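Student: What follows is a predicted protein model with its sequence.
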Amino acid sequence: MKLLNHTTKYFALLLIVLISVWAVIFYFAMLDEVYDSLDDGLENQKQLIIRAVKDNPDLLQDTEFGVNNYTIKNTHVGNHTNLKDSYRDTLMYMQNEDEYEPIRMLESTFQQDGNYYKIKLITSMVEEDDQIENLFKYLVGLYLVLILSIVVLNNLVMKKVWKPFYTLIDRLKGFRIEKDDPIKSEQTAIDEFNLLNKSVERLTEKSRDSYIAQKEFIENAAHELQTPLAIAINKLELLVEKNQLSGSQTQEVGGVLDNLTRLTRLNKSLLLLSKIDNKQYLEEEYLDMNILVAEVANDFLDFTTHKNISLNVIENATVHYTMNADLAVIMITNLIKNAIIHGDAGKEVTITIDANQISITNYGKEKALDTNSLFTRFKKVSSDSRSTGLGLAISKAIADKYLLQLKYSFTDQHNFMVIFPSSS
Amino acid sequence: MKILIIEDEPQMLENMRQTLEREKYTVETAANFATANTKIGVYEYDCILLDITLPDGNGLELLKQLKQQGKDDGVIIVSAKDSLDDRIKGLNLGADDYLPKPFHMAELHARVKAIVRRRTFDGNKLIEIGNVSIDPESRSVQVNKTEVALNRKEYDVLLYMISNKTRLVTKTALAEHVWGDHIDQADSFDFIYSQIKNLRKKLSDTMASIEIEAVYGVGYKLQVI
């Protein structure tokens, strides 16, 4: 949920509570005022009637509520001497509404010519249910208008206020550490945003620094490791060449040389992996994968002949893809080599190129490989100590970098598939 | 044949000097940019082995100066930084080859020989050893003027062994040379062994005056009979 909608949501909830509480208080306050006003009216009317009765005693005959809204009844002396004005709510049949409606009634007494009279005055009352209904309607209206104004306010005003924030988010989304300079933002009028911008600026600057440092570290590590390795290997080669060693000593040295060479390869593979991980291969070109596969397959021709494997390339489609050429060669080479090395002698290795997929199949052990650890670094299928166990991991890292899927399946053959995104 | 090695790591320099002197080259050395600069300015060499990272300067600068002076000394860049950038930059500046560290001595010999050969026998490019002659241009091999049919890898092996004649070439060095960077399996030794076996048979069948002998299972050596 967007930030703006989020605040609107809380506003909406808060308003419901506020308006409800306010409605209750408002209702009672209003009702109180209405009673007050009605009672004052009745009181005033009473005095007017009493004055009128003095002038016109005929009025004392109005013993029923007819056209008048009062009645006067003779009463016994004494009974009502202490009777004060009494107000009460009651119901009365209304002609127009054809039902009983609430009314406000004032009962009082007065003295006229020595007789005591009881006077009842009525006036029509607010109908509470109607009142509540009306109040509810208007409050819902108010609520909706408020919410609407908040949404409009958010979208017009808040959007403008939050603009630096969204600009920053956009820039962060597109930020690529290996390509971009640290994010620099313009000054805004809002302190928090300035602080945020500054922090992001510092953070990206720092990340970029450490990225560059790491890059340099890799290159330095290469240099520092390769030179001693080179010296060791060359010294041993010179030693063997001097012909002063016995057969078994030569073999010992040969063993050490083998291992040093292995170490060299391992070092190179690790460097390659970290270079891929650190996205140091930036040059990309539009590659014809068919040509690339044909070339790599051709490189393996002597080797497949030696292993008595027939290497078939079936081209059902032409596949083009934009990626780094060296990495593409490494990825395809590793997969084909893998198939040939683990393929059964005398059988075939088949490379099929379809519209969005290159699959490489070979016969081998009649058992599916563990897909969980297949592309893991240093996971070796064979116990062969000369394998670095990084070949498939490198292919996987390259595939990941270019949004390719690298999949494995087993039917009667082992099948490695490189699946290209369908859009390209 | 005069060779200049520019390399700041003393042991590396010493190894290269020793192995090249055994090939009867005249070897001179420079351990820093300044010395190298002087030597390049004064003398001419058949081949210069150039380390890019020197303590007092960039080797590529030396290469630039060399080409600016119009000299055509063969240059092999020797670098521990196996980065594509440097490789492309170096070759664009006119280097003849790029050899990443670490390398096998046999590989160094093969690369140096190739440069020297290119420069020396301008008209006649045939490599002759005993009664065997090789034309690197057409990748063809003749024994006693009769064509011998070799597959690509057999040819690579033979040329490599000839570049390192009478010297021990280890199996790994050989495998890496013919197989490239991607060898990391036991199968490749197998493969090398079978290539050598075929090659030996073809050489002996055609009565070639060279043979490849195995050395204690560590490697092979090419001998002229």
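Tutor: Everything's here; your move. Because the structure is predicted, anything quoted here is derived from the model rather than measured.

Student: just checking, next helix/strand downstream of the strand ranked longest in chain A?
Tutor: As assigned by DSSP state E, the longest strand anywhere in chain A is strand A:99-112. Once the chain leaves strand A:99-112, the next helix or strand it forms, by DSSP states H and E, is strand A:115-124.

Student: Which neighbouring elements make contact with that next one?
Tutor: helix A:3-55, strand A:70-75, strand A:99-112 (3 or more Cβ pairs under 8 Å, 6 or more residues apart in numbering or on different chains; DSSP states H and E). Quick note: C-beta positions are derived from backbone N, CA and C, even for glycine.

Student: The helix or strand harbouring residue B:108 and chain A, are they touching?
Tutor: Here residue B:108, judged by DSSP H and E, is contained in helix B:105-120. Yes: using Cβ under 8 Å from any Cβ of the partner chain, helix B:105-120 reaches chain A at B:105, B:106.

Student: Pass me the low-pLDDT residue ranges in the chain, would you?
Tutor: Assuming you mean chain A. By pLDDT under 70, the low-scoring segments of chain A are A:1, A:66, A:76-83, A:178-180, A:219, A:222-223, A:278-279, A:378-388, A:423-424.

Student: actually it's chain B I care about, not the one you picked
Tutor: Looking at chain B by pLDDT under 70, you get B:82-84, B:121-124, B:181-187.

Student: if we go to 80?
Tutor: Scanning chain B for pLDDT under 80 picks out B:80-86, B:118-125, B:179-190.

Student: Now do residue B:19 against chain A, distance only.
Tutor: 6 Å (Cβ to the nearest Cβ, to the nearest Å).

Student: and that residue, what does it touch?
Tutor: A:234, A:237, A:238, A:241, B:105, B:108, B:109 (Cβ atoms under 8 Å, 6 or more residues apart in numbering or on different chains).

Student: Same check on residue B:77?
Tutor: B:50, B:51, B:52, B:59, B:63, B:86, B:87, B:90, B:95, B:97, B:98, B:99 are the contacts of residue B:77 under Cβ under 8 Å, 6+ apart.

Student: Of those residues, just the buried ones, ChimeraX syntax please.
Tutor: Applying 16 or more other Cβ atoms under 10 Å in any protein chain shown to the contacts of residue B:77 leaves a buried subset, and the ChimeraX line that selects it is:
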select /B:50,51,52,59,63,86,87,90,95,97,98,99
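
Student: Longest helix in chain B, please.
Tutor: helix B:186-205 (DSSP state H).

Student: next SSE after it?
Tutor: Next element after helix B:186-205 (DSSP H and E): strand B:210-215.

Student: Would you mind getting the angle between that next one and helix B:186-205?
Tutor: On the basis of axes from the mean of the first three to the mean of the last three Cα atoms, to 10 degrees, strand B:210-215 is oriented at 140 degrees to helix B:186-205.

Student: Please point out which parts of strand B:210-215 sit buried.
Tutor: Quick answer for strand B:210-215 (16+ other Cβ under 10 Å): B:210, B:212, B:215.

Student: contacts with chain A among those, please.
Tutor: residue B:215.

Student: Closest one of the buried residues of strand B:210-215 to residue A:104?
Tutor: Each of these was checked against residue A:104 using Cβ to Cβ; the closest is residue B:215, at 126.1 Å.

Student: That closest one contacts residue B:223, correct?
Tutor: No: using Cβ atoms under 8 Å, residue B:215 is not in contact with residue B:223; the gap is 10.7 Å.

Student: thinking again about what came up before, which one of the buried residues of strand B:210-215 sits closest to residue B:30?
Tutor: residue B:215 (34.2 Å).

Student: That closest one bridge partners, please.
Tutor: residue B:219 (DSSP bridges).

Student: check contacts around it.
Tutor: By Cβ under 8 Å, 6+ apart, the neighbours of residue B:215 are A:250, B:168, B:221.

Student: what number of residues lie near residue B:225?
Tutor: 8 (other Cβ atoms under 10 Å in any protein chain shown).

Student: Perfect, that will be all.
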